[in-house]
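Asker: Next come a sequence and a model predicted from it.
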Amino acid sequence: MSKMSITLNGSEANNINPAMTIAVSALAMGDEVILFVLPSGMPVFVKGRIHELNLASPKSPDLEEMFDAFITLGGKLMLCELGFDVKGIKEEDLVDGCQIVGATTFVAAAQGSELTFSF
């Protein structure tokens, strides 16, 4: 089993689709996956936003199914605490499964990652 770390710095389908595809694929193979969401990516995890992205990208893989698989397979979803002030999002607006952390917590958790990606 290896460890993969992914940073997400955008809230559009072209950011989230490849990140979730790679993350869920690695989880399905038994790898540990940490997804760290920077402030620009936080809107993706506001309740209802993943559904909206699905509607906007009908030919892409189902993001709701991939997100559910990510959580079910044990993916770690860490959102940067700075995003609340920057994006005006409240913690209660977020989907279930989000862990709010600072960058230092992510860096410590990502230590030893064999693969890193950024979208």
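Answerer: Now that the structure is in, tell me what you want to look at.
Asker: just checking, what packs against the strand or helix carrying Leu27?
Answerer: Using DSSP states H and E, Leu27 falls within helix 13-28. In terms of contacts (3 or more Cβ pairs under 8 Å, 6 or more residues apart in numbering; DSSP states H and E), helix 13-28 is packed against strand 3-8, strand 32-37, helix 49-56, helix 63-72, strand 115-118. Every C-beta, even on glycine, is put in place using the N, C-alpha and C of the backbone.
Asker: swap the cut-off to 6 Å and go again
Answerer: strand 3-8, strand 32-37, helix 63-72 (3 or more Cβ pairs under 6 Å, 6 or more residues apart in numbering; DSSP states H and E).
Asker: Tell me how far Gln99 lies from Asn9.
Answerer: For Gln99, the distance to Asn9 (Cβ to Cβ, to the nearest Å) stands at 18 Å.
Asker: after the lowest-mean-pLDDT helix or strand in the chain comes which helix or strand?
Answerer: Scoring the helices and strands of the chain by mean pLDDT, DSSP states H and E places helix 83-87 at the bottom, with a mean of 88. Per DSSP H and E, the first helix or strand lying C-terminal to helix 83-87 is strand 98-101.
Asker: All good on my end, thank you.
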